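Q: here is my input, please return the structure:
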Amino acid sequence: MPHIVNHPRRLVTALALILLPVGALAAMVTSEQTDGPLRCEIRVTPQAGMVALQPLVRTDRPVSGTYRFQVESTGGSGGSNIDQSGAFDASPGHAAPLGSVSLGSDGAGYRATLDVTAGDSSVRCTQRIGGSI
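A: Numbers count the residues shown, from 1 in each chain. All right, here's what the predicted structure looks like:
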């Protein structure tokens, strides 16, 4: 029997070191809430005390359009709002990044909303991250 098993504290530490990267990978969240030829998603990736949010658009055909990405945060000592918008071009088979936001993950909660419009099509994705909003 390995020597580490005789010491429960060492076993727990070893398991934590092994499972931590697995947990971080599992914590990467993607919110893809739309179906159809125009789809949006909000990718959430934890990063060393921060959380990165990346709005993406996918399509079945080449399109041009506009987007609005809003992030509301609350918790800690207050709240803040982030608002990004602009034009985009997307082609089939590739997720088109529309921007990015990096936020502290110190117990705050976030609600992200992505609105995408291309021609007569509009889609919305929402994602809640951390805290209690």
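
Q: average model confidence for the helix or strand containing residue 126?
A: Secondary structure from DSSP states H and E places residue 126 in strand 121-129. Averaging pLDDT along strand 121-129 yields 92.

Q: may I have that strand as PDB, with CA atoms only?
A: Taking C-alpha atoms only, strand 121-129 is exported to PDB below (Å, rounded to 0.1, in the frame of the first residue of the first chain):
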ATOM      1  CA  SER A 121     -33.100  37.600 -37.500                       C
ATOM      2  CA  SER A 122     -32.500  38.400 -33.800                       C
ATOM      3  CA  VAL A 123     -31.300  36.200 -31.000                       C
ATOM      4  CA  ARG A 124     -30.600  36.700 -27.300                       C
ATOM      5  CA  CYS A 125     -28.400  34.700 -24.900                       C
ATOM      6  CA  THR A 126     -28.200  35.200 -21.100                       C
ATOM      7  CA  GLN A 127     -25.800  33.800 -18.600                       C
ATOM      8  CA  ARG A 128     -25.600  34.100 -14.800                       C
ATOM      9  CA  ILE A 129     -22.200  33.800 -13.200                       C
END
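
Q: give me the beta-bridge partners of residue 97?
A: Beta-bridge pairing of residue 97, defined through DSSP bridges, involves residue 56.

Q: still on that earlier bit, who does the strand holding residue 126 touch, helix- and strand-wise?
A: strand 29-32, strand 38-47, strand 50-59, strand 109-118 (3 or more Cβ pairs under 8 Å, 6 or more residues apart in numbering; DSSP states H and E). C-beta here means a position set from N, CA and C on the backbone, and glycine is covered the same way.
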